[in-house]
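Undergrad: quick one, structure for this:
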Amino acid sequence: MDILAKIKKAGLVGRGGASFPTADKWEAVKKAKGAKKYVVCNASEGEPGVAKDSYILENFGKEVVDGIKIAINFLKAERAYIYINHNYYKKFNKILAKIIGKAPIEFFIKPIGSGYIGGEESSMLNAIEGRRIEPRLKPPFPTTSGLMRCPTLINNVETFYNISLVAANKYKKERFYTISGDCLWTGVFSFPENWTIEKILKETKNYPKFPFFVQVGGEGSGEVLNSGQLRRPASGAGSITVYSILKHKPENLIKNWLDFFLAESCGKCTPCREGVYRLREIADLPNPDWRLFADLLNNLEETSFCGLGGAVPVPVKSYTNNVLAKMPENKVSFKGLDKKTMASCLLYEKDKNKN
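TA: Just a heads-up that it's a prediction; the model follows:
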């Protein structure tokens, strides 16, 4: 059985966050016309609360490199690049270089200061080409027009690790989870991909005995769920952050999320550049206009150029809907964000979506 058939049979999906079927991406690059083809391993890992790539590179570097070599051979690729953040390069470059040997695989260090958006796939390609680090307009997608405008396969560290397991008939439909926050046993764990968030927290002895909620997929752009919504698999990058309801004030959480997006925006598009700034400005006002705040969130979701701006509403809206809206009236105390105001903002969003 060839590697593509094995990947299809395994049902492997990308572990970078989008969960795109790996076989479909590999097949698209294989079929794409181009004199040269490239492979890129994304080891930028810029999302707060996600640490699985570091763990994999430290413990399974050989398997990651084997996965990249398999991709090179499958595509008859010209060259592969490991696009790696500066800290990971300092920690792992020597051991990885020995594993790579004479294979056509090079390191490309993620430019310092390029931020979260420097790990977006088309921004990575621009960085390698020496261009401004910002997202490209899609389509075309990297599978047909990527590095040097040639068909390019981009997968993250965990995906290439899984490819090596699939090739060796060792893949067990497991994935890595980063657990952090208000819990005792933080770190990176490997469990079946269909395990629920609740089961993972209990298995690692991290299920709290105090009122809590979680953020899944990253501490910047991840979805917030209350303790009654945990009977579902962890999505995205597989991170689970535990928050004590008593410890974390709504004001601080919302401001922290907005600060993350404000710092990481590349400034390319007006909705993200100006919208996040205005959201942060509103949150600082003595009497915030929450209807305007909700309107700006919807704008970002609908008009941002790339996924960063479009992700801004995810933590804020899910936290408001799943946590604040479920709390007793006397427990919500964030600058006029009472039950009536929340209901008004959420109703306003629903009505707008109907038009």
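
Undergrad: hang on, residue 260 in a helix?
TA: Yes. Under DSSP: H, G, I helix; E, B strand; the rest coil, residue 260 falls within a helix.

Undergrad: quick check: closest non-adjacent residue to it.
TA: Leaving aside its sequence neighbours, residue 260 sits nearest to residue 220 (C-beta to C-beta, 6 or more residues apart in numbering; 4.3 Å). No exception for glycine: its C-beta is placed from N, CA and C like everyone else's.

Undergrad: what residues are up against the one you found?
TA: By C-beta atoms under 8 Å, 6 or more residues apart in numbering, the contact set of residue 220 is 47, 48, 49, 116, 257, 260, 261, 264, 311, 315.

Undergrad: same thing with residue 130?
TA: Contacts of residue 130 by C-beta under 8 Å, 6+ apart: none found.

Undergrad: show me where pLDDT drops low in the stretch 101-250 of the chain?
TA: Along the stretch 101-250 of the chain, the model assigns pLDDT under 70 to no residue.

Undergrad: quick one: the strands in it, in order.
TA: Secondary structure of the stretch 101-250 of the chain (DSSP state E, counting those that start in this stretch): strands at 105-109, 152-156, 174-181, 187-192, 212-216, 223-226, 239-244.

Undergrad: and residue 9, how many neighbours?
TA: 12 (other C-beta atoms under 10 Å).

Undergrad: mind listing what residue 71 touches?
TA: 26, 39, 77, 80, 153, 155, 160, 163.

Undergrad: so what's the fourth one bridging to?
TA: Residue 80 has these beta-bridge partners by DSSP bridges: residue 39, residue 105.

Undergrad: ok, it touching residue 106?
TA: Yes. Between residue 80 and residue 106 there is a contact at 7.4 Å, judged by C-beta atoms under 8 Å.

Undergrad: dump the residue contacts of the nearest residue to residue 195 once chain neighbours are set aside.
TA: Nearest non-adjacent residue to residue 195, counting by C-beta to C-beta, 6+ apart: residue 233, 6.6 Å away. By C-beta under 8 Å, 6+ apart, residue 233 lies in contact with 193, 194, 195, 196, 197.

Undergrad: next, count neighbours for the first one.
TA: With neighbours defined by other C-beta under 10 Å, the count for residue 193 comes to 19.

Undergrad: relative to residue 224, how far out is residue 321?
TA: According to C-beta to C-beta, to the nearest Å, residue 321 and residue 224 sit 8 Å apart.

Undergrad: more neighbours: which of the two?
TA: residue 224 (25 against 15).

Undergrad: contacting residues for the more buried one?
TA: 213, 214, 215, 216, 315, 318, 319, 322, 323.

Undergrad: repeat that for 6 Å
TA: 215, 315, 318, 319, 322 (C-beta atoms under 6 Å, 6 or more residues apart in numbering).

Undergrad: still on that earlier bit, separation between the residue nearest to residue 260 and residue 247?
TA: 19 Å.

Undergrad: touching, residue 262 and residue 276? I think so.
TA: Yes. Counting by C-beta atoms under 6 Å, residue 262 touches residue 276, with 4.9 Å between them.

Undergrad: which one of the two has more residues nearby?
TA: The neighbour comparison of residue 262 against residue 276 (other C-beta under 10 Å) goes to residue 276, with 25 against 17.

Undergrad: that one: which element?
TA: Taking DSSP states H and E as the definition, one finds residue 276 inside helix 270-284.

Undergrad: span of stretch 178-187 from start to end?
TA: Start-to-end span of stretch 178-187 (C-alpha to C-alpha, to the nearest Å) is 6 Å.

Undergrad: what about the closest residue to residue 115 other than its chain neighbours, distance to residue 48?
TA: Distances taken as C-beta to C-beta, 6+ apart place residue 264 nearest to residue 115, at 4.4 Å, with adjacent residues excluded. Going from residue 264 to residue 48 by C-beta to C-beta gives 10 Å.

Undergrad: okay, these two: which has more neighbours?
TA: Neighbour totals were compared for residue 264 and residue 48, and residue 264 leads with 21 against 18 (other C-beta under 10 Å).

Undergrad: got a list of what that one touches?
TA: Counted by C-beta under 6 Å, 6+ apart, residue 264 has contacts 115, 116, 117.

Undergrad: make JSON lines from the residues you listed and add distance to residue 281 and neighbour count to it.
TA: Below are these laid out as JSON lines (distance: C-beta to C-beta, whole Å; neighbours: other C-beta atoms under 10 Å):
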{"residue": "115", "distance to residue 281": "21", "neighbour count": "20"}
{"residue": "116", "distance to residue 281": "21", "neighbour count": "23"}
{"residue": "117", "distance to residue 281": "21", "neighbour count": "24"}
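
Undergrad: I'd like to know which of those is nearest to residue 229.
TA: Checking those against residue 229 with C-beta to C-beta, the nearest one is residue 116 at 25.8 Å.

Undergrad: the closest one against residue 46, yeah?
TA: Yes. Counting by C-beta under 6 Å, residue 116 does reach residue 46; the two are 4.2 Å apart.

Undergrad: before we move on, back to that, shared neighbours, residue 262 and residue 276?
TA: The contact sets of residue 262 and residue 276 do not overlap (C-beta under 6 Å, 6+ apart).
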